[in-house]
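Peer 1: predicted model, plus sequence, below.
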Amino acid sequence: MKFFIDTANLNQIKEAQNLGILDGVTTNPSLMAKEGITGKENILDHYSKICNIVDGDVSAEVIATDFENIIIEGEELANINPQIVIKLPMTHDGIKATKYFSNKGIKTNVTLIFSAGQALLAAKAGATYVSPFLGRLDDISTDGLNLISEIREIFDNYNFQTHILAASIRHTMHIIDCAKIGADVITSPLSSISGLLNHPLTDIGLEKFLSDYKKGNK
Ligand code: G3P
């Protein structure tokens with residue numbers, strides 16, 4: 001299972017990379033805006049900085065919504081670095097562009113997936129990744145994990161090579177449940193990844209080991 005971090009914050013990306021568990025990065029226009037990254041040149045430069053920190057795939061999302069401009073923007077993003085994965089919206093033109101990039105051997109991530117049918121269509125178009133949004137479904141009282149299970153079953157039935165990238169992760173249990181279901185990748189805020197480190201019995205156990213060591217080594 002691969003771990004991606006879902007942020008455009010360079011310090012958090014460095015922290016996850018330094019922990020030694022990071023396989024890639026996903027961003028979106030909201031996350032770029034949160035870091036105050038605006039203007040085309042700054043945005044391209046920021047993606048380049050992210051690629052220099054991590055070894056794996058870096059999803060960069062297009063803003064265009066019509067086929068022609070998605071292609072122009074996507075090719076511009078893909079030219080930044082071979083690590084760049086073009087993130088495309090789950091729309092008619094987004095799917096058409098996914099097929100176009102797939103034919104050219106350029107990696108894609110189809111985002112804003114909220115149904116198994118959308119994931120199936122994206123896989124048919126040759127998407128490298130599909131991004132079902134787990135947390136946003138949970139937010140509206142719909143079982144986000146069930147969607148991941150449905151997509152897993154469909155992809156396994158037909159041996160689709162498209163990777164399930166579970167997105168909109170809100171807490172550590174989402175990560176654990178995605179691992180049980182067999183999501184290929186999770187993309188998560190650093191806080192949920194760091195949360196996996198913690199258990200009170202680990203802290204209590206370590207404290208006891210160290211105090212016993214001190215008693216015997218005065
Ligand atoms: O990057 C896509 C997705 O992970 C966004 O998550 O928390 O805004 O629903 P969230």
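Peer 2: Sure thing, it's come through. Residues are numbered from 1 along each chain as shown.

Peer 1: on the three-state scheme, the residue most central in space within the chain is what?
Peer 2: Closest to where the C-alpha atoms of the chain average out (Cα atoms, centre = their mean) is T187, at 3.3 Å. With DSSP: H, G, I helix; E, B strand; the rest coil as the basis, T187 sits in strand.

Peer 1: from what I see, it and H163 are in contact.
Peer 2: No: T187 is not in contact with H163 according to Cβ atoms under 8 Å; the separation is 11.2 Å. From N, CA and C alone the C-beta is placed, and that goes for glycine too.

Peer 1: how close does F114 sit to the ligand?
Peer 2: When Cβ to the nearest ligand atom, to the nearest Å is applied, the distance between F114 and the ligand equals 11 Å.

Peer 1: enumerate every residue touching that residue.
Peer 2: Residues in contact with F114 (Cβ atoms under 8 Å, 6 or more residues apart in numbering) are 90, 132-133, 136-137, 147.

Peer 1: counting by contacts, list what the lengthiest helix in the chain packs against.
Peer 2: The helix that spans the most residues within the chain, counting by DSSP state H, is helix 200-216. Helix 200-216 sits against no helix or strand, with contacts defined as 3 or more Cβ pairs under 8 Å, 6 or more residues apart in numbering; DSSP states H and E.

Peer 1: and that helix, what's its mean pLDDT?
Peer 2: Helix 200-216 comes out with an average pLDDT of 96.

Peer 1: just the CA trace of that helix, in PDB.
Peer 2: Output of helix 200-216 as PDB, limited to C-alpha atoms (Å, rounded to 0.1, in the frame of the first residue of the first chain):
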ATOM      1  CA  PRO A 200      -0.800   4.900  25.000                       C
ATOM      2  CA  LEU A 201       0.500   1.400  25.800                       C
ATOM      3  CA  THR A 202       3.600   2.100  23.700                       C
ATOM      4  CA  ASP A 203       4.300   5.200  25.700                       C
ATOM      5  CA  ILE A 204       3.700   3.500  29.100                       C
ATOM      6  CA  GLY A 205       5.800   0.500  28.000                       C
ATOM      7  CA  LEU A 206       8.700   2.600  26.900                       C
ATOM      8  CA  GLU A 207       8.600   4.600  30.100                       C
ATOM      9  CA  LYS A 208       8.800   1.400  32.100                       C
ATOM     10  CA  PHE A 209      11.600  -0.100  30.000                       C
ATOM     11  CA  LEU A 210      13.600   3.100  30.500                       C
ATOM     12  CA  SER A 211      13.000   3.400  34.200                       C
ATOM     13  CA  ASP A 212      13.900  -0.300  34.700                       C
ATOM     14  CA  TYR A 213      17.100   0.300  32.700                       C
ATOM     15  CA  LYS A 214      18.000   3.300  34.900                       C
ATOM     16  CA  LYS A 215      17.400   1.200  38.100                       C
ATOM     17  CA  GLY A 216      19.800  -1.500  36.900                       C
END
